[in-house]
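> this is the structure alone, sequence omitted:
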């Protein structure tokens with residue numbers, strides 16, 4: 001009888017160790033005692049092996065029972081991926097960079113707040129310091145360091161991206177941020193519209209002739225093409241990192257004025273459509289309110305570049321109007337629209 005109970009107890013212990021956390025098993029009854037089974041809590045902590053580019057790294061991962069995420073050692077894994085880690089004891093944070101890569105991030109103990117494209121992102125679990133080793137969720141390496149991550153049973157495999165995923169976007173500069181705290185270019189809209197391209201010293205910026213220029217040389221109203229990371233923040237407007245920015249070789253575009261805002265009046269008297277825009281001038285010479293005549297040559301598109309009809313312009317619609325710098329001296333001034341972008 002004792003042999004049978006021992007066999008059952010062993011089976012229950014194996015089952016308990018197959019899951020993270022604790023599980024209840026039952027102790028074998030004592031000889032001559034009651035046959036009632038008393039529950040015994042068995043704690044099981046499962047180690048997760050970590051492979052980087054096919055090679056095992058020092059330190060094992062573990063399951064965060066609360067967040068239900070695998071936590072793995074930050075330093076050994078990030079250094080195996082080629083990152084340099086600098087520890088700040090004062091605020092218990094780690095700053096990470098990689099030579100030749102635009103990726104930069106800051107990880108702080110106890111804060112589910114990770115830096116991605118100079119914006120904060122939550123990953124569902126905060127970094128944890130266990131006996132001097134800082135652990136982060138496995139998805140930190142995919143979401144922040146742009147590596148490939150897979151979890152198979154109790155094995156975590158991480159590999160470097162052979163090529164960082166990029167895509168290209170074209171648009172018109174509506175705002176430029178160039179100060180010590182922020183360097184970015186806002187295109188295709190104002191406020192929550194469009195997209196913000198974050199730049200740094202690694203971003204390559206070229207003029208229409210292909211010569212390298214600086215952020216200060218860009219101007220509102222310029223048409224550009226940007227190569228940026230496919231990783232974007234969930235903010236409005238979305239933000240991403242720009243690897244390259246090129247000014248389009250159409251010098252006429254830079255001579256245009258532009259105003260972004262709402263249509264406050266639409267007038268079709270005399271057979272020609274005329275719209276009044278009130279909002280924000282996108283260049284130093286652009287007024288905040290302007291009346292634009294739409295001609296057969298005026299291009300009307302949405303923010304994705306799809307051609308629209310003038311009949312789709314309605315009162316209070318948000319638009320960006322691009323127009324010739326030749327304006328009347330009236331208030332508001334009147335000019336001819338070159339392009340209308342419906343937001």
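Great, that's in hand. Small disclaimer: the values here were computed from a predicted structure and weren't measured.

> out of everything not next to it in sequence, what's closest to residue 216?
residue 178 (6.0 Å; CB to CB, 6 or more residues apart in numbering). For the C-beta atoms, the positions are set from N, CA and C on the backbone; glycine is no exception.

> what's the answer for residue 273, then?
Counting by CB to CB, 6+ apart, the nearest residue to residue 273 once its immediate chain neighbours are dropped is residue 294, at 4.4 Å.

> got it, and residue 202?
Using CB to CB, 6+ apart, the closest residue to residue 202 is residue 102 (4.6 Å).

> so where does that neighbour fall, helix or strand?
Secondary-structure element containing residue 102, defined by DSSP states H and E: none, the residue being outside all helices and strands.

> was I right about it contacting residue 244?
No - using CB atoms under 8 Å, residue 102 and residue 244 do not qualify as a contacting pair, with a distance of 10.9 Å.

> mutual contacts of the two, please.
Common contact partners of residue 102 and residue 244 (CB atoms under 8 Å, 6 or more residues apart in numbering): residue 203.

> ok, back up a step: neighbours of the residue nearest to residue 273, just the number please.
Residues near residue 294, counting by other CB atoms under 10 Å, number 20.

> per-residue confidence for it?
What the model reports as pLDDT for residue 294 is 92.

> do the same with residue 310
Model confidence at residue 310, given as pLDDT, is 87.

> right, and it touches residue 294 too?
Yes - between residue 310 and residue 294 a contact is recorded at 5.9 Å, counting by CB under 8 Å.

> give me the common contacts of those two.
Looking at what touches both residue 310 and residue 294 (by CB under 8 Å, 6+ apart), the common residues are 273, 300.

> and stretch 79-97, what's buried?
Using 16 or more other CB atoms under 10 Å as the test for burial, stretch 79-97 gives 79-81, 83, 93-94, 96.

> okay, now that stretch: how far is its last residue from its first?
When the termini of stretch 79-97 are compared using CA to CA, to the nearest Å, they are 10 Å apart.

> swap in stretch 278-287?
Span of stretch 278-287 from end to end, CA to CA: 9 Å.

> show me where the stretch 101-250 of the chain has strands.
Shown for the stretch 101-250 of the chain, the strands assigned by DSSP state E, counting those that start in this stretch span residues 104-108, 114-116, 119-121, 128-130, 133-137, 148-152, 155-159, 166-178, 183-187, 195-198, 204-206, 223-229, 239-247.

> report the angle between the last one and strand 166-178.
Right, strand 239-247. Note on geometry: by axes from the mean of the first three to the mean of the last three CA atoms, to 10 degrees, strand 239-247 and strand 166-178 are set 90 degrees apart in direction.
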